[in-house]
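Enquirer: Pasted the sequence and its predicted model underneath.
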Amino acid sequence: MNSGDYKYIWQANDWPQWQYDIAALADQLAKVSTAHGWLHGRLADVGINLRDQASLDVLTQDVLKSSEIEGEHLDPDAVRSSIARRLGVDIGALAPVDRNVEGVVDMVLDATGNAAAPMTAGRLFGWHAALFPTGYSGLSKIRVGAWRDDAHGPMQVVSGPIGRQRVHFEAPPAGKLEYETARFLAWLEADTGEPALIKAGLGHLWFVTIHPFDDGNGRIARALGDLLLARADGQQQRFYSLSAQIQRERAAYYDILEKTQKGSMDVTAWLSWFMDALLHAFGHAQETLDAVLAKARYWQAWAGIPMNERQTKVLNRLLDGFEGKLTSSKWAKLAKCSQDTALRDIKELLDSGVLAKSDSGGRSSSYDLAPLGAPSA
């Protein structure tokens, strides 16, 4: 519903004087802080190589899911390769990377790795230009590294497929953007007294409300949230992904965003949702760390078995959670080799006990990772 004589919060007389009930959020803040401490306690007990692997996995998910929220699906291998190269993590052969992937990775790593650097309009323009290196969003020419001009009408924030899009709110007109973004950036860089996690939630909401660019606003808002979270925990490495959690709860995210935009300057409900999403993100980070540790144990167990690059690549895909049955034809596709070569690779791993034939049946033979400690075939 509308509040007072305005339709959206940026039209309110007290905009942007955020209000929230800190007492109502105290329990969630404590839970998030505890979950954060538990995660970093576990990370402190593993070696730097495993921390790097965990960070690589999380950043890869962060880039992929932040783009998926906007309907863009990037190549996971290209994203992982781009991040691994920048972090100096050895993942074997690197996949080719295009400019679009490089740009998104540049922004995400700059937000987390250079969180302490001042956030300026020029830095925002740089992020935006990195997201759209060709000057196009899909087939549409857009203003890159510059505020939108509303030449095609008011900026509307929508979700859903073309033809069935839902308008959640309208952003401030282009004529107000320079003033609005300057005010936002001044707040972001100032010591405003809010708890760090509260500031991260407000920063995300505030930038989404302004929506200053033709496209890419959601991804930049999530990067700003990551920057503020990195400042909050003093960590340049990222071990949890809020973007991935937002993608999991995409419908709820747009619902609370719409309600907040059409409500009052009391944004307690938004911050409560944000804290809950963070708490779930920490839970998934624990699962990521479990998977990284399991993967490390697996490679340690088979360290004495010689493997070629193709075998290592496909086994890593299995360890990362391969969907469906692994057949020789799928092996050939993943490893980019012939069917005969795939069969030889598989036979070698069956003979050494690394792979086992699946019991699932079907017309084609399929294969699973053998349990650790299983005898050779």
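Expert: That came through fine.
Enquirer: Show the average pLDDT along the biggest helix by length in the chain.
Expert: Looking across the chain with DSSP state H, the single longest helix is helix 268-301. On average, the pLDDT along helix 268-301 is 88.
Enquirer: Check stretch 101-115 too.
Expert: Stretch 101-115 comes out at a mean pLDDT of 91.
Enquirer: now do stretch 30-40
Expert: Rounded mean pLDDT across stretch 30-40 is 89.
Enquirer: can you check stretch 241-249 too?
Expert: 90.
Enquirer: Please write out the alpha-carbon positions of it in PDB.
Expert: Taking Å, rounded to 0.1, in the frame of the first residue of the first chain, the C-alpha atoms of stretch 241-249 are listed here in PDB:
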ATOM      1  CA  SER A 241      27.700 -15.600  -1.200                       C
ATOM      2  CA  LEU A 242      24.700 -13.300  -0.500                       C
ATOM      3  CA  SER A 243      24.000 -13.200  -4.300                       C
ATOM      4  CA  ALA A 244      23.600 -17.000  -4.400                       C
ATOM      5  CA  GLN A 245      21.200 -16.800  -1.500                       C
ATOM      6  CA  ILE A 246      19.200 -14.000  -3.100                       C
ATOM      7  CA  GLN A 247      19.000 -16.200  -6.300                       C
ATOM      8  CA  ARG A 248      17.600 -19.100  -4.100                       C
ATOM      9  CA  GLU A 249      15.000 -16.700  -2.700                       C
END
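Enquirer: Could you count how many residues lie near Asp233?
Expert: A count of neighbours around Asp233, defined by other Cβ atoms under 10 Å, yields 19. Every residue, glycine included, has its C-beta placed from N, CA and C.
Enquirer: quick one: Ala335 and Arg344 touch, right?
Expert: No: checked against Cβ atoms under 8 Å, the pair Ala335 and Arg344 is beyond contact range at 11.0 Å.
Enquirer: Compare neighbour counts for those two and give me the winner.
Expert: Ranked by neighbour count (other Cβ under 10 Å), Ala335 and Arg344 place Ala335 first, with 19 against 15.
Enquirer: contacting residues for the more buried one?
Expert: Arg310, Gln311, Lys313, Val314, Thr341, Ala342, Asp345 (Cβ atoms under 8 Å, 6 or more residues apart in numbering).
Enquirer: Pull the most distant pair out of those residues.
Expert: Lys313 and Thr341 (12.9 Å; Cβ to Cβ).
Enquirer: Who has more neighbours out of the two?
Expert: More crowded of Lys313 and Thr341, by other Cβ under 10 Å: Lys313, with 19 against 16.
Enquirer: What score does that one have for pLDDT?
Expert: pLDDT, read off for Lys313, is 85.
Enquirer: Check which element follows the helix or strand that it is a member of along the chain.
Expert: Element membership of Lys313, judged by DSSP states H and E, is helix 309-319. Sequence order places helix 328-335 as the next helix or strand after helix 309-319, per DSSP H and E.
Enquirer: Could I get the average pLDDT for that next one?
Expert: The pLDDT scores in helix 328-335 average 90.
Enquirer: tell me the angle that helix makes with helix 309-319.
Expert: 110 degrees (axes from the mean of the first three to the mean of the last three Cα atoms, to 10 degrees).
Enquirer: Can I take it that Leu25 is in a helix?
Expert: Yes: judged by DSSP: H, G, I helix; E, B strand; the rest coil, Leu25 forms part of a helix.
Enquirer: now for the helix or strand bottoming out on mean pLDDT in the chain, which elements pack on it?
Expert: Scoring the helices and strands of the chain by mean pLDDT, DSSP states H and E places strand 156-159 at the bottom, with a mean of 79. Helices and strands touching strand 156-159, by 3 or more Cβ pairs under 8 Å, 6 or more residues apart in numbering; DSSP states H and E, are strand 166-170, helix 250-261.
Enquirer: Could you dump the ones you listed into JSON lines with distance to Lys325 and mean neighbour count added?
Expert: Shown next, in JSON lines, are the helices and strands packed on strand 156-159 (distance: least, Cβ to Cβ, whole Å; neighbours: other Cβ atoms under 10 Å):
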{"stretch": "strand 166-170", "distance to Lys325": "38", "mean neighbour count": "16"}
{"stretch": "helix 250-261", "distance to Lys325": "29", "mean neighbour count": "17"}
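Enquirer: Figure out which of these is closest to Asp368.
Expert: With Cβ to Cβ as the measure, helix 250-261 is the member of those nearest Asp368 (32.2 Å).
Enquirer: What are the contacting residues of that closest one?
Expert: 8-9, 69, 157, 159, 166, 168-169, 205, 208-209, 246, 267, 269-270, 273, 277.
Enquirer: Please, a PyMOL command that selects the buried ones among those residues?
Expert: PyMOL command restricting the contacts of helix 250-261 to the buried ones, with burial defined by 16 or more other Cβ atoms under 10 Å:
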select buried, resi 8+9+69+157+159+168+169+205+208+209+246+267+270+273+277
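Enquirer: Fine by me, we can end here.
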